[in-house]
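J.: whatever this is, show me its structure:
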Amino acid sequence: MDPTIASILGTILGALLAGPLTYYFTKKLVTRQAFNKASSDFKSAFIPELRYLDYRYSPNRPPEIGIYKTLSLAFDRHEIAVIKFRTYLSAKDIIGFDKAWEDYCNKDNSKPHFIIHAEPDGITDKIKAQKFYLEKLNNLLEFAKLNH
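T.: Have a look, this model is predicted:
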């Protein structure tokens with residue numbers, strides 16, 4: 001085969017392979033970047049409540065309005081974040097995500113119920129209650145791990 005023809009055929013074959021591969025990897029990169037942005041936005045919606053529930057962030061803060069009221073007042077912001085972020089999950093992840101969301105807020109008839117352990121007596125019970133809801137919240141936020 002003539003080297004010129006072989007070179008032309010090699011160039012054409014390379015272009016035919018490079019186009020779809022470039023498209024595939026570009027699409028994958030854009031999808032990953034969009035997920036990471038959505039993940040960051042999702043987690044940001046929960047920062048005040050994470051700070052409230054996790055005593056490591058502010059162990060000496062004065063008493064606040066209570067777990068029930070804190071989580072209830074944040075519910076609309078959290079639900080909006082859930083609705084927005086849910087669209088970035090796979091069908092397989094949506095099932096677990098929905099369960100983690102319902103477990104976090106004990107959602108019944110579209111209203112949250114932060115009742116279980118919500119208003120404990122004494123500081124020991126408050127720490128247990130904070131850990132209880134912090135675990136539920138962390139289970140929900142597990143779905144927002146950055147995609148590298």
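J.: report the distance from the worst-scoring helix or strand of the chain on mean pLDDT to the chain centre.
T.: Every helix and strand of the chain was ranked by mean pLDDT, DSSP states H and E. The lowest is helix 122-141, at a mean of 80. Distance of helix 122-141 from the chain centroid (Cα atoms, centre = their mean, to the nearest Å) equals 18 Å.
J.: kindly report the same for stretch 139-148.
T.: Per Cα atoms, centre = their mean, the centroid offset for stretch 139-148 relative to its chain is 5 Å.
J.: which parts of it are buried?
T.: For stretch 139-148, burial by neighbour count (16 or more other Cβ atoms under 10 Å) applies to Asn139, Leu140, Leu141, Phe143, Ala144. From N, CA and C alone the C-beta is placed, and that goes for glycine too.
J.: for it, which outside residues touch it?
T.: 32, 35-36, 38-40, 42-43, 46, 82, 85, 89, 93, 96-97, 100-101, 103-104 (Cβ atoms under 8 Å, 6 or more residues apart in numbering).
J.: what do you get if the cut-off is 7 Å, keeping everything else the same?
T.: With contacts defined as Cβ atoms under 7 Å, 6 or more residues apart in numbering, stretch 139-148 is touched by 32, 35-36, 39, 42-43, 46, 85, 89, 93, 97, 100-101, 103-104.
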